[in-house]
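J.: The sequence and its predicted three-dimensional model are supplied below.
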Amino acid sequence: MCAHVLIAEDDTMQAELVRRLLLREGHTPVVVHDGRAAIDEAKSRRPDLVILDLMLPKIDGLGVCRVLRQDGNIPILMLTARSTETDLLLGLELGADDYMTKPYSPRELMARIRTVLRRSLRPAADVRLIRAGGITVDPARHEVACDGLPVSCTPGEFAILHAMTAEPDRVFSRRQLLQQTEGHERASTERAIDVHIMNLRKKIESNPRKPVRLMTVFGVGYKLTGRPS
């Protein structure tokens, strides 16, 4: 699995370390050192993955993440020296697929990269369309539609919606939904699922504050209704 990976990191030593690790595994890395350059590079070459430092000059990582999510669903692995849960949840809310705090081990970083790339690049084994409650999931094309209109999802959001659409009206706990992301949220708590659910409601609900599709089952978790009212 060879991928084009954009590294947005202002620390030149860290950037060079990540670049060499990626080269060793057969990937094609490109390095930029500020947020403006990261946005320009991502728009011009559409990388398979963006490794995004939070503390970038010109435009910080959160700003870059926000812009990239407006333009599509490129997988994003966010790196930061900050370790507070607030920063983590904010990054996930903006659409990051995974989040690592510095210092990190090269082995762990590469494991995270492989997980995100495997999720986004591999062909789906089941090519059938999955439908429930006005939601259509196409595993082969990694596409989602709501009432026939396309919905842009991050890999983590797609994994959650895929699982819930396949079993409509089943109640999933936060821990079960966390497992569906196949390691995307290993740096987080189960509260990260609440952020993903909030983001998905903005995309598939007419009124996200009064959902009729993606429902909360208090004290248990969430379910996707098979026939929204």
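T.: Yep, that arrived. No experiment lies behind these values; they were computed from the predicted model shown.
J.: Which element, helix or strand, includes N207?
T.: In this structure, N207 sits in neither a helix nor a strand according to DSSP states H and E.
J.: Kindly report the same for the one 5 residues further on.
T.: Secondary-structure element containing V212, defined by DSSP H and E: none, the residue being outside all helices and strands.
J.: what about it, neighbour count?
T.: Taking other C-beta atoms under 10 Å as the criterion, the count of residues near V212 is 15. C-beta: built from backbone N, CA, C; applies to glycine.
J.: Bridged to C146, which residues?
T.: I135, L149 (DSSP bridges).
J.: contacting residues for it?
T.: Contacts were defined as C-beta atoms under 8 Å, 6 or more residues apart in numbering; by that measure C146 touches 134-136, 203-204.
J.: R20: which of these is nearest?
T.: For R20, the closest of these turns out to be K203, at 37.8 Å, with distances computed as C-beta to C-beta.
J.: What count of nearby residues applies to the closest one?
T.: K203 sits with 16 neighbouring residues when counted by other C-beta under 10 Å.
J.: ok, now how distant is S152 from T216?
T.: Distance of S152 to T216, computed by C-beta to C-beta, to the nearest Å: 23 Å.
J.: no wait, D10
T.: Distance from D10 to T216, by C-beta to C-beta: 40 Å.
J.: Might you list the low-confidence residue ranges for this structure?
T.: In the prediction, the chain carries residues with pLDDT under 70 at positions 1, 82-85, 87-88, 121-127, 182-189, 228-229.
J.: Helices of that one, residue ranges please.
T.: Using DSSP state H, the helices of the chain run over 12-24, 35-45, 61-71, 85-93, 106-121, 155-166, 174-180, 191-204.
J.: and Y104, what does it touch?
T.: Contact criterion C-beta under 8 Å, 6+ apart gives L79 as the residues in contact with Y104.
J.: so C65 sits right up against G95, yeah?
T.: Yes: using C-beta atoms under 8 Å, C65 makes contact with G95 at a distance of 5.9 Å.
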